[in-house]
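**Q** Coordinates only, no sequence provided:
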């Protein structure tokens, strides 16, 4: 479940008088002042403008601005506060619509309880809810068919919230550019064919959001595509590289001294590629930018880094690239690695997705942070680092406390190396977030194809990078990434044995 705190999307004040009404009977306000986000959400600010939401159509139009993107195949609940006075948008929660109707009751309960309890932890229990069901028609379906098919789900949401004494004052279905209200009393005020959503960006709310500096960052599918693993021929090549790297690294990982060496090699290679990304010329658009980054990262390099980041201490040291000039290229690298966790290596994506979520949160992009961390938990529900970050981000905590911890760890390690420059550090540093004396049994084996590995936050490191091959400029369709010159897995293995270089840089 993706929770959106009151700092996400459009900030909060909104009057809902005449709740549940239709036509001109439903009134709401949302601020458009530039200061109305973050810790000020839901408060009056000097010079703040109010946007009045009068109809269900305007509530439907408000959804992308509440979330920051256009949801697809999604259930969304939005909390409302201070209903008797003027109303205020509160927290938001989103879940994908389950394909099987048998799962709907548990999903409705989970979503309602999660949003209510999350709001209570932030000190403001919601007084009512607005529910949205968003799904495009399937083959042979119309928008009205989708609305009727999802009607039982809407009723389950209303009863789940009602059991918590938080009534749903409006429930909308959005499909095929139209919307329907499940709360319509059926007295001829709403057409059975629904009402048109209108052109995106033409409403008063859209203008106010633009003035306030709020952006709708495309659809959810476009947003999450930056993290989804490749498919097709490019994925097959990447899987072969991961298989080869696994066979080469496991013997070294099982050796205590070799494990420490591999950790340094992994971080050194990551620094090298991070700099490569930083030096690359900028391009316009997220898709071209991701294709550019895919072309800068070789299959063998990606395999070494993906395996190396399964180690907890290596991953935590990589998490130190969270601010300043390091953050942007690091975030691009973690996205690119998540796209390379193909086939049976899908669970390995938990590490780069968590790092991407952490860097996004640290640099102020809570929207990307929540989606990346939710995807990390989808890859591995037991991944502790992702679970803790996801909870902290959803509860609106300040990431500065984590940044201070990681800065201190980095400074301490650098200081220790300066005091004893002639003695190489062969031991992996202790996790900054874990107390001294943590049992070694908590460290788990690396995940490798064909070798059983348990889930958890402990990981083992990867290996050094290989000389890069220049990819072709052709982009593979279907999100596969750039094309690659064919090379046999055996040749890559021989290159690693003969010409593989060890990259061991120091912290910068």
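**A** That came through, no problem. These numbers were taken from a predicted model, which means no experiment stands behind them.
**Q** shaky segments in this structure?
**A** For the chain, the stretches with pLDDT under 70 are 1-52, 54, 83-87, 186-189, 200-202, 417-508.
**Q** run the last query once more with 50
**A** By pLDDT under 50, the low-scoring segments of the chain are 5-21, 23-47, 423-508.
**Q** can you give me the strands in it?
**A** Assigned by DSSP state E, the chain shows strands spanning 2-4, 28-31, 50-53, 74-81, 88-96, 128-134, 168-175, 178-181, 195-196, 475-476, 481-482.
**Q** Which one of those lies nearest to residue 304?
**A** strand 481-482 (17.4 Å; C-beta to C-beta). (Each C-beta comes from the backbone N, C-alpha and C, glycine too.)
**Q** mind checking how far residue 220 is from residue 177?
**A** 17 Å (C-beta to C-beta, to the nearest Å).
**Q** So for these two, which sits in the more crowded spot?
**A** Taking other C-beta atoms under 10 Å, residue 220 and residue 177 do not tie; residue 220 has more neighbours (22 against 13).
**Q** For the stretch 251-400 of the chain, just list every one of the helices.
**A** 256-279, 286-295, 299-308, 312-318, 324-339, 350-362, 366-379, 384-394, 400-419 (DSSP state H, counting those that start in this stretch).
**Q** tilt between the first one and helix 299-308?
**A** Relative orientation of helix 256-279 with respect to helix 299-308: 130 degrees, computed using axes from the mean of the first three to the mean of the last three C-alpha atoms, to 10 degrees.
**Q** Ok, the last one next?
**A** On the basis of the same axes, to 10 degrees, helix 400-419 is oriented at 100 degrees to helix 299-308.
**Q** Could you say which one of the helices of the stretch 251-400 of the chain comes nearest to residue 150?
**A** helix 366-379 (22.1 Å).
**Q** Now do the buried residues in the closest one.
**A** By 16 or more other C-beta atoms under 10 Å, the buried positions in helix 366-379 come out as 366-377, 379.
**Q** from those residues, which single one is nearest residue 239?
**A** Closest to residue 239, out of all of these and judged by C-beta to C-beta, is residue 379, at 15.9 Å.
**Q** Was I right to think that closest one contacts residue 351?
**A** No - under the criterion of C-beta atoms under 8 Å, residue 379 makes no contact with residue 351, lying 9.0 Å away.
**Q** Against residue 242, how distant is the closest residue in space to residue 296 that isn't next to it in sequence?
**A** Closest residue to residue 296 apart from its sequence neighbours, by C-beta to C-beta, 6 or more residues apart in numbering: residue 276 at 5.5 Å. Separation of residue 276 from residue 242 (C-beta to C-beta): 20 Å.
**Q** And the two? Which one has more around it.
**A** Applying other C-beta under 10 Å to residue 276 and residue 242 shows that residue 242 carries more neighbours, namely 26 against 16.
**Q** Could you identify the most distant pair in the buried residues of helix 366-379?
**A** Those two in the buried residues of helix 366-379 that are separated most widely, counting by C-beta to C-beta, are 366 and 379, at 20.3 Å.
**Q** for the stretch 51-200 of the chain, what spans make up the helices?
**A** Under DSSP H, counting those that start in this stretch, the stretch 51-200 of the chain gives helices at 56-67, 104-121, 143-149, 151-163.
**Q** So which of those helices is the most surrounded?
**A** Among the helices of the stretch 51-200 of the chain, helix 56-67 has the highest mean neighbour count (mean count of other C-beta atoms under 10 Å), at a mean of 24.
**Q** Rebuild the strands of the chain as CSV, extending it with mean neighbour count and distance to residue 238.
**A** Shown next, in CSV, are the strands of the chain (neighbours: other C-beta atoms under 10 Å; distance: least, C-beta to C-beta, whole Å):
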stretch, mean neighbour count, distance to residue 238
strand 2-4, 24, 28
strand 28-31, 26, 45
strand 50-53, 20, 47
strand 74-81, 25, 30
strand 88-96, 24, 26
strand 128-134, 25, 33
strand 168-175, 24, 36
strand 178-181, 24, 41
strand 195-196, 13, 44
strand 475-476, 18, 11
strand 481-482, 24, 8
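**Q** Those: which one's closest to residue 142?
**A** strand 168-175 (8.4 Å).
**Q** Need phi/psi at residue 98.
**A** With angles defined as degrees, to the nearest 10, residue 98 sits at phi -60, psi 140.
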